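A.B. asks: build me a model:
(one chain, ligands or ions: 1)
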Amino acid sequence: MKTQVTAAALMAALSSTADAGRRQADPADGAPALATYTDQLVYGELWDRDVLSRRDRSLVTVAALVANGRTSQLQFHFGRALDHGVTPVELSELVTHVAYYAGWPVGTEAAAELASVFRARKLSVDAADPELLALDPDKEAARKQSVARVAVLAPGLAQYTNEPLFSEVWRRPGLAPRDRSLVTVATLIATGQAEQMPFHLGRALDNGLTEPEASEVVAHLAFYCGWPRAFSAVGPLGEVLKARQQPATPEPPAELTVTPRAEAPHFSGPPANFTGEVEVESLFRADLDGDNGGGMVHFQPGARTAWHTHPRGQTLVVTAGVGWVQQEGKARHTIRVGDVVRIPPHVRHWHGASAEQAMSHIAIAESVDGSSVTWMELVPDAIYRAEQ
Ligand code: MN
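C.D. replies: Next up, the predicted model:
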């Protein structure tokens, strides 16, 4: 059965504080809509969302209230935490822990409130030094290394961070490392310490907090520290979750392929686009891995392309014979074995054999929307054979 906590009950809880007289007035008279949201949304829904246990919600809520110095709310939530199964020792450790992350003043005030709850419930905690939990040496070495950077500027801070914060406080057995992490993350969110969140969110996940629980902590704290603080935590949370995603199983490296020359598609240069006897060997085609396509073209003497352009340009490598290439309005070039011709995008040109000798070249061009060439009119003899 749900434990319904009405706004009126909340008021009753608060009435034990010193300024009870002033607070006797029912908040529902001041902000009835807030009272309705408190009853129906916060206590009628939020605390019952099953992704985070009530015990965890109490740890998170108390940590946030301690961190932000919301002393007047503490007695009620300390009591609620005890009702949700948080032990007196755990609350005591929480207050001590949060003092490190939000400061001694709020820690000390919270300790006094906790003492009065203990007194009212006839509870106490043992003051003896406990046996400390073991450290994970690898993680501790990595953490120490990050503190070493601080040591140059603030050696005292680095010293106290190592001893006692991480070598002692975090190892006290009264609050499990996972719960210390939960409390630390709640404190950072509550106090808007986005810069420190990635380290502690990562540590929390290492310490056993699940990703859905971490997300729910952010949602829960929107109600206890306000929407802006919660939203400021979403970015760091996203970074941490992304960084921890298992990398997708890498594709096995593609194998190189050899296509025997005999298997290359052969065809005659169509008369619409070529003059004379032209044989095209398709070498490779643009495919999913790239836009490049290549072909070997053999021009018999006097054979040549029509005028044309390439949307991404073209590279020609002469592999046999002697040929000619010409850009419109420019002098014709003679090209020989090993010569490389680079044709810029959209430049109108033709290429082919010379009048007396055959020529072969490899032609490589990138496709745009599946096409690597725009064909135009044939090159008449008067231009092909023009005196240079
Ligand atoms: Mn071309």
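
A.B. asks: does Ala64 touch Val185 like I think?
C.D. replies: No: counting by Cβ atoms under 8 Å, Ala64 stays clear of Val185, with 10.2 Å between them. Where C-beta positions appear, they are placed from N, C-alpha and C, glycine not excepted.

A.B. asks: look up phi and psi at Val278.
C.D. replies: phi -130, psi 130 (degrees, to the nearest 10).

A.B. asks: ok, the closest residue in space to it that isn't next to it in sequence to Arg49 distance?
C.D. replies: Nearest non-adjacent residue to Val278, counting by Cβ to Cβ, 6 or more residues apart in numbering: Gly269, 3.0 Å away. With distances taken as Cβ to Cβ, to the nearest Å, Gly269 is found 71 Å from Arg49.

A.B. asks: quick one: which of those two has more around it?
C.D. replies: Gly269 (21 against 13; other Cβ atoms under 10 Å).

A.B. asks: neighbours of the residue nearest to Gly192 when sequence neighbours are not counted, just the number please.
C.D. replies: Nearest residue to Gly192 in three dimensions, chain neighbours excluded: Arg229, at 5.4 Å (Cβ to Cβ, 6+ apart). Neighbour count of Arg229, defined by other Cβ under 10 Å: 21.

A.B. asks: quick check, Arg229 in a helix?
C.D. replies: Yes: assessed with DSSP: H, G, I helix; E, B strand; the rest coil, Arg229 lies in a helix.

A.B. asks: right, and the residue nearest to Val278 touches Met296 too?
C.D. replies: No: using Cβ under 8 Å, Gly269 makes no contact with Met296, being 11.9 Å away.

A.B. asks: touching both of these two, which residues are there?
C.D. replies: Listed as contacting both Gly269 and Met296 by Cβ atoms under 8 Å, 6 or more residues apart in numbering are Val280.

A.B. asks: so what's the gap between the helix or strand harbouring Leu188 and the chain middle?
C.D. replies: Assigned by DSSP states H and E, Leu188 falls within helix 177-190. With Cα atoms, centre = their mean, to the nearest Å as the basis, helix 177-190 stands 22 Å off its chain's centre.

A.B. asks: what is that helix packed up against?
C.D. replies: helix 54-67, helix 88-102, helix 197-206, helix 211-225, helix 227-244 (3 or more Cβ pairs under 8 Å, 6 or more residues apart in numbering; DSSP states H and E).

A.B. asks: per-domain residue ranges of this structure.
C.D. replies: 7-245, 264-384 (automatic domain parsing).

A.B. asks: what helices or strands is the longest strand along the chain leaning on?
C.D. replies: As assigned by DSSP state E, the longest strand anywhere in the chain is strand 314-327. Contact partners of strand 314-327 among helices and strands, from 3+ Cβ pairs under 8 Å, 6+ apart: strand 292-299, strand 333-336, strand 340-343, strand 349-353, strand 359-366.
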